[in-house]
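1. Any chance you can model this:
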Amino acid sequence: MAMNRIGTRTRLALPLVAVGLLAAACGSSGGSTSGAAAGGSGSGGGGGSAGAVTIKSASGSAGTYLTDGSGRALYLWTADTGSKSTCSGACASAWPPLTASGMPAAAGGVQAGDLGTVARAGGAEQVTYNGHPLYYYAGDSGAGEVNGQGNNGFGAKWWLVAPSGSAITAPASGSQSSSAGYSTY
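-> Below you'll find the predicted structure:
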């Protein structure tokens, strides 16, 4: 009888252990989100850790700004210090970091010498430009959208990045300074 009780306990405990391990694996990403998760592709167009990334420029109402290879706007966050990203967890869900599995390529007015990568907490390599970690905005659904411009989400401003590497602080027509509740964190 004692043997049967131990066997039952073991059979009940195994699914609980499996669920715990799955939850730990999901939670250990360190807040890193690839550009692919933000709507890009892993090969040359949208970032992600699955392949090469191309950074180019586009022009809009705020000026000329950096994009990924498919035209999605890229932002810098004024809360980052140096080339180290301080955006993780909920911040990285709203502002997915642009990640790559190698050195990004430059096109269309982007200076190759200003491109680099920096390791994130979860081990992914985030693309940097002129020392600034680059991010997408979850509120931008495609090329040409700059809804994150001037957003004050997570306690600091988010700006488009000029090919010079500086923040573009001019408002973009049609952009939102506070969007989808992301500015309240």
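2. and the nearest residue to G165 once chain neighbours are set aside, what is it in contact with?
-> Excluding the flanking residues, the one nearest G165 by Cβ to Cβ, 6 or more residues apart in numbering is N130, at 2.5 Å. Using the backbone N, CA and C atoms, a C-beta is placed for each residue, glycine as well. N130 is in contact with D114, V161, S164, G165, S166, counting by Cβ atoms under 8 Å, 6 or more residues apart in numbering.
3. Which two of those residues have the greatest separation?
-> With Cβ to Cβ as the measure, no two of these lie farther apart than D114 and S166, at 10.9 Å.
4. With neighbour numbers in mind, choose between the two.
-> Taking other Cβ atoms under 10 Å, D114 and S166 do not tie; D114 has more neighbours (18 against 12).
5. Not counting sequence-adjacent ones, nearest residue to the more buried one?
-> In space, D114 is closest to N130, 4.6 Å off (Cβ to Cβ, 6+ apart).
6. Please apply the same query to G131.
-> Leaving aside its sequence neighbours, G131 sits nearest to S83 (Cβ to Cβ, 6+ apart; 4.7 Å).
7. isn't that neighbour right next to P133, touching?
-> Yes. Judged on Cβ atoms under 8 Å, S83 makes contact with P133 at a distance of 6.5 Å.
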